[in-house]
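1. Mind folding the following:
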Amino acid sequence: MLQTHCHEYATFGSRRPRELLRGLGVRTVTEAEGCCGLAGNFGFEAEHYDTSMAVADRSLRPRLDENPDAVVVADGFSCATQVGHLAGVRAVHLAELLDPGGNP
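-> Numbering: from 1, shown residues only. The predicted structure is shown next:
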């Protein structure tokens with residue numbers, strides 16, 4: 001499953017990471033299209049929590065719920081943090097997926 005970071009999405013769209021994954025042989029790439037809802041420190045602030053969750057409910061949370069066993073690729077820190085909060089799983093950076101034996 002792919003959660004493209006907002007900056008990357010605004011610059012390139014989701015086409016590039018999706019095409020790279022498919023080029024690597026990943027047959028099915030499920031995408032959560034749009035913002036994860038965390039947006040830096042925005043979603044950490046108590047007064048924004050409900051808004052953060054409402055944004056996550058538009059795409060990210062449903063994709064996570066539909067694909068509970070999927071590997072989640074989220075290159076942005078906020079996106080990866082939100083995946084952990086919503087699903088209790090660690091999202092991986094695309095570079096980690098490409099080189100799983102790399103040094104942390």
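
2. can you count the residues close to the nearest residue to His85 once chain neighbours are set aside?
-> Among residues not flanking His85 along the chain, Leu38 sits closest, at 7.9 Å (CB to CB, 6 or more residues apart in numbering). For glycine as for every other residue, the C-beta is placed from the backbone atoms N, C-alpha and C. Each residue near Leu38 was counted by other CB atoms under 10 Å, and the total is 26.

3. just Leu20 next, same as before
-> If we define neighbours as other CB under 10 Å, then Leu20 has 16 of them.

4. Not counting sequence-adjacent ones, nearest residue to it?
-> Excluding its sequence neighbours, the residue lying closest to Leu20 (CB to CB, 6+ apart) is Leu94, at 7.2 Å.

5. Run through the residues that contact that neighbour.
-> Pro17, Leu20, Leu21, Val73, Asp75 (CB atoms under 8 Å, 6 or more residues apart in numbering).

6. Hmm, Leu2 and the third one touching each other?
-> Yes - between Leu21 and Leu2 there is a contact at 6.8 Å, judged by CB atoms under 8 Å.

7. Leu60 versus Thr90, what's the distance?
-> Thr isn't right for residue 90; it's Arg. Taking CB to CB, to the nearest Å as the measure, Arg90 falls 15 Å from Leu60.

8. Looking at these two, which has the bigger crowd around it?
-> Shown here are Arg90 and Leu60; by other CB under 10 Å, Leu60 has more neighbours (26 against 12).

9. What sits closest to that one if chain neighbours are left out?
-> In space, and not counting its chain neighbours, Leu60 is closest to Ala32: 4.3 Å by CB to CB, 6+ apart.

10. Can you pull out the residues in contact with stretch 67-74?
-> With CB under 8 Å, 6+ apart as the test, stretch 67-74 has contacts from 1-3, 5, 17, 21, 30, 36, 64, 80, 82-83, 87, 89, 91-94, 97.

11. Tell me the buried residues within those.
-> Neighbour counting by 16 or more other CB atoms under 10 Å classes 1-3, 5, 17, 21, 36, 64, 80, 82-83, 87, 91-92, 94 among the contacts of stretch 67-74 as buried.
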